[in-house]
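Asker: I need the structure of the sequence given here:
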Amino acid sequence: MVNLNELNEAQQCAVKCCDAPSLIIAGAGSGKTRVLTYKIAWLIEQGMSPERILALTFTNKAANEMKERIARQVGEKESSRLWMGTFHSVFSRILRYEHEAIGFSSNYTIYDQTDSKALVRTIIQEMGLDDKVYKAGSVAARISAAKNRLVLPSQYLASSQTLNADRAAKVPATGEIYQRYMERCRMAEAMDFDDLLLYTWLLFKNSPDICQKYEERFEFVLVDEYQDTNFAQDQIIWQLTKQRQRVAVVGDDAQSIYSFRGANINNILRFRERYQGARLFKLEQNYRSTQTIVDAASRLIAHNKGQIPKDVYSRKAVGEPIDLLRCYSDIDEAALVMKRIKELHNRCRVSFDEMAVLYRTNAQSRSFEEVLRKNAVPYRIYGGMSFYQRKEIKDVIAYFRLAVNPHDEEALRRVINYPARGIGDTTFGRVCDEAKRTNRPLWDVLASADALDLSSGAKKKLRDFYLLIQEFNEASATTRADVLSRLIVDKSRIREEINKGRDPEDISRQENLQELMDNIASFTAECIEQNQSASISHYLQEVSLLSDVDDDNVQSKEEGVVTLMTIHAAKGLEFRAVFVVGMEEELFPSPMALETPMGLEEERRLCYVAMTRAEEFLTFTTSKSRFRYGKVEQMEPSRFLQEIGLYGTSRREESHFQPRPQIQMRRPVVAPAPAAPRRLSSVAEVVSVGVKKDAQVSVVVGDVIVHERFGRGRVIATADTGMDAKATVEFENAGVKQLLLRFAKFTKAE
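Answerer: Below is the predicted model:
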C-alpha cells in the first residue's frame, strides 16, 4: 500500500497527476527521487502494468536506487518488470530487439570512449592528416556533438556553417572523418554511446510502425534530471509521447549546468509550449539546507532571466550565518580554509567527511592539497586525481627531473617521445638493449647514439633529444626555477602540445599547466624574499613531499576525509559544511562565461548548485590577489557575492591582533573590498617578481604588517642592516617567515 501521507502536499499532487503531461520542478533538496519513486509505485497500485512504464535516468546509480525504493513499496517482483534505466541502456535494449530495421545484427558491439578515439585516430592516420592538428580526442568530440544534434555525415558535409566552423578551427576535414567513422562502425557492427541515441531516433523516424509499437507499449514515460537532456534525448522522448502525452519530467532549471556536454536548458523551459495542457508542479520545500542558505541561494538565482520562478523555503532552523573569508592571496585563502576546517571539526564536531571544498576549475585543488597535507588534515580528490598525479603535470615534472639529473631513468622513459618526436618503440628499444648489454645508464647510451645500429634519421632524433636535455641540465645550475620552467615547457613543445585543443578536457589540462607555472613563479618570488635558493632542484624537493601520495593516510580513505571537488562533480551530493572558494571575477564566473548572457546565467546556476550542497555551514572565499600568468594579479570580488547579499566585516578581517565581530549574512548592502595595500619596493631590480628600485622600509619588533601574499603578521625579530636586513614575521595564517626586506612586498598596518 502506497502511503501518500508520507509526502507533503506539493509532492502528493505531483504523484497523483496521471492524466496530463507533468513538469515537476524539484528545487534543491526537495525530495525529487522520493516523488519519482512514489509516482511509479502509485501508477502500479492504480492498476498499470510495470511493463507499461518507462523511467529514464542519467546514471545507473540513480536507476538502481529508484528500483530499490520502488521494491519496498510494491515488492521486488513488480519492480523488476519496469522498463527502467539510463537513456543508453534502455535504447540499447530497444535497438537489439529492432536491429533488422537499422541494418545491424543483434550482437552489435558498443564502443566506449577509448574505442571511439582509437578508431578516429586510425582514420586520421589513413587520411594522411597531421595528428598534431587533428587530435583524435578533439575530432571525436566534434563528431559526438554532431550526433547529439542528430546531424548525419551527409548533413554535416552539406552545412556551410559547420564547414566554416571546422575551417576556423583548422580541421576542415572533420566532416570526411565523420563519414568514414560511421562507415567503419557499421562495417564492424559497432555503435558508440552517441549512436545509441542517434539510431534510436532514426529507427522511430524511419519506421513509424515500430515507433507506434513503443508508443503503445509505454503507457507512461518518466524522465529524471530533465534539465540535463540534450537535443537527441528530448526528440526521442517526444517521439515516444506525442500521441498519448502521458509523460512526467522531473528536474530543476536552476541546476542546469552541463551545456558543455550538450545539455539544453530550453528543453525544460519550453516543455509546456510543446505539451499543450501540461501541468506544472513545484516542489519548493528544501529538506537539506537551513533557511539562511536557502534564502541566499534564492537571491542569487533570481538574477537569471531564463528560469521558472519558484519560492524555495526551508522549515529547518534559520541556521548559522554565511561566512565570507576575504583573503589577501590564494596562499592566504588555502590557509584560512584549512583553519576553518579545523575549527568546525574541533569546536562544532563536524567530521571531516561532512566537509567539502568546491572550486570552479580542477587546477584550484593544488593550493588546498598542499596546505591540508602540511597540516595533517586528511582529504581526497572526488572524481579526479591529485594535482601532482595528473598526466600533464607528471610530464612536465619529469622534464624538470631530467634537467636536474639526466640519469633519472624513469623520467627519461616517460618523456623521450613526449611530445612526439619520432622516437618510437623500436628506436628506444635499441637504446635499452644497448644499455642492458653494456651495463650503462640510458643517458650514457644516448650520449653515444651515433654508435647504435640505427638509421641516420633515428640517430638524429636521439641526438636532438640528448642535446635538449643537456641544455636544460646546464641551465639548471644558474637559472631560477621560474625562468628555467618557462624554457623547458616552451623548448620541449609541451606548452604547444597542451594548448592545441579547445575541448573541456583540453582546457582543464591547460589550466593545470598554467597553475603549475604560476606555482613555480610564486615559489621563486617567495624564495627571493626569504633569501633562499630559487633553483628548480629546490622546487623539486618541495614537490616530492607533496606528490608522494600516501594512499593509506590521505587519498584513498573513504571515511573521515575532507572532499575536494569541482562544483560540476558536486551536483547531487550534500555536505554539512561547504566551502565555495575562488569567488572572483574571471575565475567564478569564468572568462568564457562572460562572453554571452547565457554563459553568465549558467555560471550563476553553477554557483546556486554549489550553495545548495550545504546543509548547515556555508563559507565563501574571495582573494584580493592571485598569482596568475607568472605574476601577482589584483582580483575583483565575484559579482555573485553582491547578488547573494553578503556584506559587513569578514571573518578574514578578524585577527588576534585586532579582534572584530564575526561576519553576518544580511540584506542587501555589500561591504567594499579592502583598499589595496601600498606596495613596498626593494633596493634591487628583480623584474620577474614585480619589484622595482626604491627606498627600503624599516620595521621594528612589534610592527604589524600586511604582506601581498602572506597576509597580516607581526614582526617578532629583526637581523642585520642595509642590503642584508631581515625580519622574522609571524603571519596569522601562513606561519613564520623570514623576509629579506629589500625584496619583501608589504605595508605597515595602520
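
Asker: On the three-state scheme, the closest residue to residue 482 other than its chain neighbours is what?
Answerer: In this structure, residue 482 finds its nearest non-sequential neighbour in residue 524, 4.0 Å apart by CB to CB, 6 or more residues apart in numbering. Every C-beta, even on glycine, is put in place using the N, C-alpha and C of the backbone. What DSSP: H, G, I helix; E, B strand; the rest coil gives for residue 524 is helix.

Asker: wait, what's in contact with the closest residue to residue 12 other than its chain neighbours?
Answerer: Among residues not flanking residue 12 along the chain, residue 4 sits closest, at 5.0 Å (CB to CB, 6+ apart). Residues in contact with residue 4 (CB atoms under 8 Å, 6 or more residues apart in numbering) are 12, 15, 16, 38, 42.

Asker: Which strand or helix spans residue 577?
Answerer: strand 575-580 (DSSP states H and E).

Asker: Show me which positions of the helix or strand just after that strand end up buried.
Answerer: Once the chain leaves strand 575-580, the next helix or strand it forms, by DSSP H and E, is helix 597-611. For helix 597-611, burial by neighbour count (16 or more other CB atoms under 10 Å) applies to 599-611.

Asker: Contacts for helix 597-611, please.
Answerer: Helix 597-611 has contacts (CB under 8 Å, 6+ apart) with 28, 254-257, 259, 265, 293, 296-297, 300-301, 303-306, 358, 360, 567-568, 570-571, 578, 580, 588-590, 592-594, 618, 640, 643-644.

Asker: so of those, which ones are in strands?
Answerer: Taking DSSP state E, the ones among the contacts of helix 597-611 that sit in strands are 358, 578, 580, 618.

Asker: Wait, residue 220 touches residue 47, no?
Answerer: No. Using CB atoms under 8 Å, residue 220 is not in contact with residue 47; the gap is 11.8 Å.

Asker: Name the residue in the two with the higher neighbour count.
Answerer: residue 220 (18 against 6; other CB atoms under 10 Å).

Asker: what's across from that one in the sheet?
Answerer: Counting by DSSP bridges, residue 220 is bridged to residue 53.

Asker: distance of it from residue 80?
Answerer: Remark: distance between residue 220 and residue 80 (CB to CB, to the nearest Å) = 18 Å.

Asker: what does residue 739 give?
Answerer: Taken as CB to CB, the span from residue 739 to residue 80 is 69 Å.

Asker: And for residue 255?
Answerer: Separation of residue 255 from residue 80 (CB to CB): 31 Å.

Asker: So those two - more neighbours on which side?
Answerer: Shown here are residue 255 and residue 80; by other CB under 10 Å, residue 255 has more neighbours (22 against 12).

Asker: nearest spatial neighbour of the more buried one, skipping sequence neighbours?
Answerer: residue 609 (5.3 Å).

Asker: who touches residue 457 in this structure?
Answerer: Residue 457 neighbours (CB under 8 Å, 6+ apart): residue 422.

Asker: So it: helix, strand or coil?
Answerer: At residue 457 the chain is in helix, as set by three-state DSSP.

Asker: Quick one: list the elements packing against the worst-scoring helix or strand of the chain on mean pLDDT.
Answerer: Averaged element by element with mean pLDDT, DSSP states H and E, the chain has its least confident helix or strand at helix 536-547 (a mean of 80). Packing partners of helix 536-547 (3 or more CB pairs under 8 Å, 6 or more residues apart in numbering; DSSP states H and E): helix 365-374, helix 391-404, helix 481-491, helix 504-529.

Asker: then it to PDB, C-alphas only?
Answerer: Only the C-alpha atoms of helix 536-547 are listed here, as PDB (Å, rounded to 0.1, in the frame of the first residue of the first chain):
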ATOM      1  CA  ILE A 536      64.400  24.000  -9.900                       C
ATOM      2  CA  SER A 537      66.200  21.500  -7.700                       C
ATOM      3  CA  HIS A 538      64.900  23.200  -4.600                       C
ATOM      4  CA  TYR A 539      61.400  23.300  -6.100                       C
ATOM      5  CA  LEU A 540      61.500  19.600  -6.900                       C
ATOM      6  CA  GLN A 541      62.400  18.800  -3.300                       C
ATOM      7  CA  GLU A 542      59.300  20.700  -2.200                       C
ATOM      8  CA  VAL A 543      57.100  19.000  -4.800                       C
ATOM      9  CA  SER A 544      58.400  15.500  -4.000                       C
ATOM     10  CA  LEU A 545      57.000  15.800  -0.400                       C
ATOM     11  CA  LEU A 546      53.600  16.800  -1.800                       C
ATOM     12  CA  SER A 547      53.300  14.400  -4.700                       C
END
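
Asker: So what touches that helix?
Answerer: With contact meaning CB under 8 Å, 6+ apart, helix 536-547 is reached by 369-370, 373, 386, 388-389, 397, 400-401, 403-404, 476, 479, 481, 484-485, 520, 523, 527, 532.

Asker: So which bits of the helix or strand where residue 73 lies are buried?
Answerer: Counting by DSSP H and E, the element that carries residue 73 is helix 60-74. Neighbour-count burial for helix 60-74, counted by 16+ other CB under 10 Å, picks out 62, 63, 66, 67, 69, 70, 71, 73, 74.

Asker: quick one: low-confidence parts of the stretch 101-250 of the chain?
Answerer: Scanning the stretch 101-250 of the chain for pLDDT under 70 picks out no residues.

Asker: tell me the pLDDT at residue 648?
Answerer: Per-residue pLDDT puts residue 648 at 44.

Asker: can you check the one 3 residues further on too?
Answerer: Reading off the per-residue confidence, residue 651 sits at a pLDDT of 42.

Asker: do the same with residue 573
Answerer: Value listed for residue 573 in the pLDDT field: 93.

Asker: Repeat that for residue 25.
Answerer: Listed pLDDT for residue 25 reads 96.

Asker: So it: helix, strand or coil?
Answerer: Look at residue 25: counting by three-state DSSP, its state is strand.

Asker: ok, it - contacts?
Answerer: 251, 252, 253, 280, 281, 282, 283, 308, 310.

Asker: again with residue 715
Answerer: By CB under 8 Å, 6+ apart, the residues touching residue 715 are 699, 700, 701, 702, 703, 704, 705, 727, 728, 729.

Asker: how far away is it from residue 447?
Answerer: For residue 715, the distance to residue 447 equals 52 Å [CB to CB].

Asker: now swap in residue 63 and tell me
Answerer: Per CB to CB, residue 63 is found 59 Å from residue 447.

Asker: Could you do residue 166 as well?
Answerer: In this view, residue 166 and residue 447 are 45 Å apart by CB to CB.

Asker: if we can go back for a sec, out of the contacts of helix 536-547, which are buried?
Answerer: By neighbour count, with 16+ other CB under 10 Å, the contacts of helix 536-547 hold 369-370, 373, 386, 388, 397, 400-401, 403-404, 476, 479, 481, 484-485, 520, 523, 527 as buried.

Asker: And the pLDDT for the residue nearest to residue 482?
Answerer: Residue 524 is given a pLDDT of 92.

Asker: Is it in contact with residue 535, as I believe?
Answerer: No. The criterion here is CB under 8 Å, and residue 524 misses it with residue 535 at 9.3 Å.

Asker: Please enumerate the shared neighbours of these two.
Answerer: 480, 481.

Asker: So for these two, which residue has more residues nearby?
Answerer: Between residue 524 and residue 535, counted using other CB under 10 Å, the more crowded position is residue 524 (25 against 19).
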